[in-house]
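Chemist: Here is the input, now give the coordinates:
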Amino acid sequence: MATKEEIQQEVDDNFEFFKEKLPELAATHLGKYALLRHQKLVDIFDSAGDAKKYAEAQYKDGIFSIQHIIDGITNLGYFSYGMSLSTV
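Modeler: Purely as a prediction, here's the structure:
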């Protein structure tokens with residue numbers, strides 16, 4: 001499992017990537033959730049829970065973030081994932 005610092009760095013890097021892609025994503029996926037890893041879009045999900053479940057199965061190191069695709073930018077931390085994995 002990644003350290004808190006590694007997770008935070010991933011979240012920060014992914015959030016910068018997400019901000020650049022948001023207009024494009026919002027045009028076709030408004031209200032959905034983007035799963036991000038290493039500044040790349042992995043997939044789009046209908047719910048944060050679905051994205052989290054998929055990410056936990058694929059990325060045992062815990063290095064990923066999830067961002068809600070809304071009309072505007074909100075940094076939600078690790079949900080853009082600063083939340084404990086057990087809380088979602």
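
Chemist: For the rest of this, base every contact and every neighbour count on C-alpha atoms.
Modeler: Noted.

Chemist: which SS class is the residue nearest to the spatial centre of the chain?
Modeler: Residue closest to the mean C-alpha point of the chain, counted by C-alpha atoms, centre = their mean, is I66 at 1.7 Å. Three-state assignment for I66 (DSSP: H, G, I helix; E, B strand; the rest coil): strand.

Chemist: who does the helix or strand hosting A34 pair up with?
Modeler: Using DSSP states H and E, A34 falls within strand 33-37. Here strand 33-37 has these sheet partners by DSSP bridges: strand 40-45 (antiparallel), strand 65-68 (antiparallel).

Chemist: What are the contacting residues of it?
Modeler: 10, 14, 41-48, 51, 55, 63-69 (C-alpha atoms under 8 Å, 6 or more residues apart in numbering).

Chemist: can you do 7 Å?
Modeler: With C-alpha atoms under 7 Å, 6 or more residues apart in numbering as the test, strand 33-37 has contacts from 14, 41-48, 51, 63-69.

Chemist: Is it possible to mark the buried ones in these?
Modeler: Buried members of the contacts of strand 33-37, counted by 16 or more other C-alpha atoms under 10 Å: 14, 41, 44-45, 48, 51, 63-69.

Chemist: quick revisit: lowest average confidence across the strands paired with strand 33-37, which one?
Modeler: Lowest mean pLDDT of the strands paired with strand 33-37: strand 65-68, a mean of 93.
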